[in-house]
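1. With the sequence up front, the predicted model follows.
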Amino acid sequence: MVFCLLLLAAHMHPWEGTGFFLLLLVSIPIDIWALGLCARTVFIDRLKVDPQPGIGKNLWIRWAVFSAIALPLIKIIVSGATGIAKSVTSSIVHSIEEAIYEIPVAEQISLELVMWGSVASGVLILCALGWLYGLGWLTQSFVRNAKPLDGTEEERANFWDGLRIPADQPLLLTAFTGAGVVLVFVFWALLPSTTPHPHEEYEFISTGPKEEKVEPKKVLKEAEKVLAKAELVVKKLEEEKGGESKDSKDEKAKESVTKEAQPENKK
Amino acid sequence: MQQDSQPANQPNPFEKVVEFVDERVGLKTIQAKMLNEPIPGGSRWAYAFGSVLLFIFILQVVTGILLMFYYVPSTDHAYDSTQYIIHEVDYGWFLLSYHFWGSSAMVVMVFAHMSQVFLWGAYKKPRELVWLVGLALFGIVMGFGFTGYLLPWDQRAYWATVVGVEIMDKTPIVGDFMARFLKGGPTPGQMTLSRFFVIHVMVLPAALMGLAGLHIFLFRKAGPAGPFRGTPEELKAKTDYFFPRQIWKDIVAMASVFLIICSLAFIEPVVLLEQATPDPGDYHPEPEWYFLFLFQLLRLKMFGGELGQLMGAMVLPGAFMAFLAALPFIDTNPERNLFKRPIALVGWIVIMVFILIFTVSAIINRDFLH
């Protein structure tokens, strides 16, 4: 699981290509160790016998060879049975609908599921029982060769307890803690900080102050426009001023004419 | 000759600190009570569900608090702030996805824990109160899922809430009040979001913490039930303390669940739909996966119409919960061996198959909608 997670964090799918191969490679020794541990528990606790050393490895090899043949076979049988059950169920439901009455969608789905699901589950359970029977048959020789355990229930429990206690407990604890710390660091180092699945329509929302981008060509063009406008305004003002001065000269001339004429009238 | 600066029996600084605290709070007594609980028949993997549930809840609190630093519970900003968490906040996508999958893991663990207690016959005398408080905790976990689903404020969240509140509205007497209280208006809006947020981050965590404390207290008071099979001599010989073996099994189970949630967060991270609108458009409203079986049940013709919907949405689930609450008082037979309780075994299988069939049917039903 840990390895699987690290592969995922590194953007490598553990169920495809190299990831799958690596996962398989890592899982084999762990599997052998776990099988050995479980086998010892069952042998001592349930069967009251002490198995021979190396039971994990020996049992794993036998089971692996048997499962490599049996499991694909089971898959073929179950998928075949499921396919047949589905088509038979579908034709039964259709004939009911044609002959008797229209079954509503929700009812039809559940009815079909129960019908083909029962057949598929039955075949799966039978196949699984056969596979387990085969595993048990392969284990029988290990039970026959095991040493019978005498003594009371308490003595047997103590014997099993003694086997479970690691020889160097502080070393085990330190190793576990150390591995945990390393894995945490590796995990956070591999983990992408932003989502590897961005939303199609998501737009970046900036929270900081807006940066103003300077584009020299645009600025020059804008400046030219401003200058052109300013030139126009100046020209207009000059024209207006020119017009104004002409008008004021005319007015002054008129005023002088009237001034000259006024004394005569007063007199 | 070099002399030790510290004599052999002299406590080191750390031991001195522990001694100081112990004198004032009774640390060693608490530690002894916590770890030296005898487990009849010894430690088992089946007993790890309760501890795993507590672990998931603690991580939900931690990730929830971290998400709250960025989440804004308003209809204008809920969607954008959730998108911000997913796209901009460092590791925000992972925290949100972990929180999302953690909630599902909590529901799965509650189912597993309740199943284990039921199959082991651990609800029987003298553990009736432990069972009842556990049922209340189950309701709270479901409440967490329902209220948390609305918070991202996308189409999925909005319409799941609309469907959920409509189902609630069908409850006799209190249904109308409950629906109006939760919605806070004729259609889901700001008031709905505020109320769901407060319930999700304040009311339910407080209730869960209090009830979980009571649950553990009652469990310790009654003591572990132990296995339902085995001779008294065998059980006595295998009886063990909580520390170290059960603790070890609990830690391994917690680590496994943690890794599974992390993997799910990677494989299926939270991706929001469009922002919530009162028009569903092409989206077909659907509740969370653990309510799918009930949703599909309501599609059956026999549960059509007002009365049928009331029966399917409220009466049947309500009657089932009432039956579970009454179970320790109905089933007074002290026999705990599952294989000598055929009704219990068959009943459990029937319920699980029923849930499975209707959940899968709901998934198949999606193809008929598109």
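-> That came in fine, so what should we check first?
2. all contacts plus neighbour counts: C-alpha atoms, from now on.
-> Noted.
3. show me the contacts for residue B:273.
-> Residues near residue B:273 by CA atoms under 8 Å, 6 or more residues apart in numbering or on different chains: B:154, B:155, B:156.
4. let's see it at 10 Å
-> A:199, A:200, A:201, B:79, B:152, B:153, B:154, B:155, B:156, B:157, B:283 (CA atoms under 10 Å, 6 or more residues apart in numbering or on different chains).
5. Just the closest of those to residue A:88, please.
-> Each of the contacts of residue B:273 was checked against residue A:88 using CA to CA; the closest is residue B:283, at 33.4 Å.
6. With adjacent residues omitted, what lies nearest to that closest one?
-> residue B:155 (7.4 Å; CA to CA, 6 or more residues apart in numbering or on different chains).
7. returning to that earlier point: who wins for most neighbours among the contacts of residue B:273?
-> The most neighbours of any of the contacts of residue B:273, using other CA atoms under 10 Å in any protein chain shown, belong to residue B:153, which has 28 neighbours.
8. Please tell me how far it sits from residue B:353.
-> With the distance defined as CA to CA, to the nearest Å, residue B:153 ends up 33 Å from residue B:353.
9. How many residues are close by the residue nearest to residue B:192 when sequence neighbours are not counted?
-> The shortest distance from residue B:192 to any non-neighbouring residue, by CA to CA, 6+ apart, is to residue B:183 (4.5 Å). Other residues lying near residue B:183 total 22 when counted by other CA under 10 Å.
10. dump the residue contacts of residue B:183.
-> Shown here is residue B:183, whose contacts under the criterion CA under 10 Å, 6+ apart are B:161, B:162, B:165, B:177, B:189, B:190, B:191, B:192, B:193, B:194, B:195, B:196.
11. Check the burial of the second one by counting its neighbours.
-> Taking other CA under 10 Å as the neighbour definition, residue B:162 ends up with a count of 21.
12. One more: residue B:261?
-> One way to gauge burial is a neighbour count; for residue B:261, by other CA under 10 Å, it gives 22.
13. Correct me if wrong: it contacts residue B:108.
-> No. Between residue B:261 and residue B:108 there is no contact, the gap being 11.8 Å when judged by CA atoms under 10 Å.
14. what residues are shared contacts of these two?
-> residue B:102.
15. just the helices in chain A please.
-> When assigned using DSSP state H, the helices of chain A occupy the ranges A:2-9, A:17-41, A:55-99, A:105-145, A:153-164, A:169-190, A:216-266.
16. So which of the ones you listed is the most surrounded?
-> For these, average neighbour numbers computed from mean count of other CA atoms under 10 Å in any protein chain shown are highest in helix A:2-9, which has a mean of 20.
17. and the angle from that one to helix A:169-190?
-> Helix A:2-9 runs at 10 degrees relative to helix A:169-190, counting by axes from the mean of the first three to the mean of the last three CA atoms, to 10 degrees.
18. Quick one: check helix A:2-9 for contact with chain B.
-> Yes. Judged by CA under 10 Å from any CA of the partner chain, helix A:2-9 comes into contact with chain B at A:2, A:3, A:4, A:5, A:6, A:7, A:8, A:9.
19. contacting residues around that helix?
-> Under the criterion CA under 10 Å, 6+ apart, residues A:1, A:10-15, A:19-20, A:22-23, A:26-27, A:180, A:183-184, A:186-192, B:255-256, B:258-260, B:262-264, B:266-267 lie in contact with helix A:2-9.
20. follow-up on the earlier one: I figured the residue nearest to residue B:283 hits residue B:281, correct?
-> Yes. In terms of CA under 10 Å, residue B:155 counts as a neighbour of residue B:281; the distance is 9.4 Å.
21. what separates the closest residue in space to residue B:364 that isn't next to it in sequence from residue A:158, distance-wise?
-> Nearest in space to residue B:364, with sequence neighbours left out and distances taken as CA to CA, 6+ apart, is residue A:109 at 7.2 Å. For residue A:109, the distance to residue A:158 under the criterion CA to CA works out to 55 Å.
22. same deal with residue A:213?
-> When CA to CA is the yardstick, residue A:213 and residue A:158 sit 78 Å from each other.
23. can you check residue A:27 too?
-> Noted for residue A:27: a distance of 31 Å to residue A:158, by CA to CA.
24. May I have the phi/psi pair for residue B:38?
-> Summarising the backbone geometry of residue B:38 under the convention degrees, to the nearest 10, its torsions are phi -70, psi 140.
25. for chain B, what are the nearby residues on the stretch 101-250 of chain A?
-> Residues of the stretch 101-250 of chain A lying close to chain B (CA under 10 Å from any CA) are A:103-114, A:117, A:152-158, A:161, A:188, A:191-206.
26. try 7 Å this time
-> Counting by CA under 7 Å from any CA of the partner chain, the stretch 101-250 of chain A comes close to chain B at A:106, A:107, A:109, A:110, A:153, A:154, A:157, A:193, A:194, A:195, A:198, A:199.
27. measure the closest residue to the second one other than its chain neighbours to residue A:111 for me?
-> Counting by CA to CA, 6+ apart, residue B:300 is the residue found nearest to residue A:107 once chain neighbours are left out, at 6.1 Å. Distance from residue B:300 to residue A:111, counting by CA to CA: 11 Å.
28. residues touching the residue nearest to residue B:283, list them.
-> By CA atoms under 7 Å, 6 or more residues apart in numbering or on different chains, residue B:155 lies in contact with B:273, B:274, B:275, B:276, B:277.
29. Quick one, grab the pLDDT at it.
-> At residue B:155 the predicted local confidence, pLDDT, stands at 92.
30. repeat for residue B:123
-> At residue B:123 the predicted local confidence, pLDDT, stands at 96.
31. next one: residue B:303
-> Confidence at residue B:303, expressed as pLDDT, is 89.
32. what's the neighbour count on it?
-> Residue B:303 has 16 neighbouring residues, counting by other CA under 10 Å.
33. Relative to residue B:216, how far out is it?
-> Look at residue B:303 and residue B:216: by CA to CA, they are 40 Å apart.
34. And for residue B:202?
-> Going from residue B:202 to residue B:216 by CA to CA gives 21 Å.
35. These two: which is more packed in?
-> residue B:216 (15 against 11).
36. roughly how far apart are that one and chain A?
-> In this structure, residue B:216 lies at 28 Å from chain A, with CA to the nearest CA, to the nearest Å as the measure.
37. Could you look up the SS state of that residue?
-> helix (DSSP: H, G, I helix; E, B strand; the rest coil).
38. Around chain A, which positions in chain B sit nearby?
-> Near chain A, the residues belonging to chain B are B:86-91, B:93, B:234, B:237-238, B:259, B:263, B:266, B:271, B:299-300, B:357-358, B:361 when assessed by CA under 7 Å from any CA.
39. Go through those residues and flag which are in strands.
-> Taking DSSP state E, every one of the residues of chain B next to chain A sits outside strands.
40. Narrow the residues you listed to those that are buried.
-> Buried members of the residues of chain B next to chain A, scored by 16 or more other CA atoms under 10 Å in any protein chain shown, are B:86-89, B:91, B:93, B:234, B:237-238, B:259, B:263, B:266, B:271, B:299-300, B:357-358, B:361.
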